[in-house]
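# mind folding the following:
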Amino acid sequence: MPQWLIELLNESLKPAIDSIWGSLLFWRTLALILLMPIIAVVLKREWLTSLLLSPERREHDRSLFTRADQLLPESGLYNALERLGADNALFQ
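Modelled structure (predicted):
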């Protein structure tokens, strides 16, 4: 992003951001939003564990990965990434 655009956005948005950033209501709301998933996981951890580790779920995932590997094996994926110019070192 060009530096002049960053400076323009900073100058035009600074008053709005400063008022929000300094607002106690904003921080309380953000804290509650971030705490809700954590509380849900703590309260429902047994249900989540049984859902994620169920044998049916694992078999379903295994069949999906097998089908995906048949469509595009790992070597084919590396070849496609190489043709796109991606660095394969990240995936090895």
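
# which residues of the chain score low on pLDDT?
For the chain, residues meeting the criterion pLDDT under 70 lie at 1, 86-92.

# helices of that one, start to end?
3-21, 24-43, 45-52, 55-71, 74-84 (DSSP state H).

# okay, the last one in CSV with CA atoms only?
As requested, C-alpha coordinates have been extracted for helix 74-84 and formatted as CSV (Å, rounded to 0.1, in the frame of the first residue of the first chain):
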residue,chain,number,x,y,z
GLU,A,74,0.7,-35.0,-3.0
SER,A,75,3.2,-35.1,-5.9
GLY,A,76,0.7,-33.5,-8.2
LEU,A,77,0.0,-30.8,-5.6
TYR,A,78,3.7,-30.0,-5.4
ASN,A,79,3.9,-29.8,-9.2
ALA,A,80,1.0,-27.5,-9.4
LEU,A,81,2.4,-25.2,-6.7
GLU,A,82,5.8,-25.2,-8.5
ARG,A,83,4.1,-24.2,-11.8
LEU,A,84,2.4,-21.3,-9.9
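
# if I take it and helix 55-71, what angle do their directions form?
60 degrees (axes from the mean of the first three to the mean of the last three C-alpha atoms, to 10 degrees).

# for helix 74-84, name the packing helices and strands.
For helix 74-84, there is no helix or strand it packs on, judged by 3 or more C-beta pairs under 8 Å, 6 or more residues apart in numbering; DSSP states H and E. (Each C-beta comes from the backbone N, C-alpha and C, glycine too.)

# same check, this time on the second one
Contacting helix 24-43 under the criterion 3+ C-beta pairs under 8 Å, 6+ apart is no other helix or strand.

# that one to helix 3-21, inter-axis angle?
80 degrees.

# run the angle between helix 24-43 and helix 45-52 for me.
70 degrees.

# how about the last one?
Using the same axes, to 10 degrees, the inter-axis angle of helix 74-84 relative to helix 45-52 is 90 degrees.

# output the helices of the chain in JSON lines; the columns should cover mean neighbour count.
Conversion of the helices of the chain to JSON lines gives the following (neighbours: other C-beta atoms under 10 Å):
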{"stretch": "helix 3-21", "mean neighbour count": "10"}
{"stretch": "helix 24-43", "mean neighbour count": "10"}
{"stretch": "helix 45-52", "mean neighbour count": "10"}
{"stretch": "helix 55-71", "mean neighbour count": "10"}
{"stretch": "helix 74-84", "mean neighbour count": "11"}
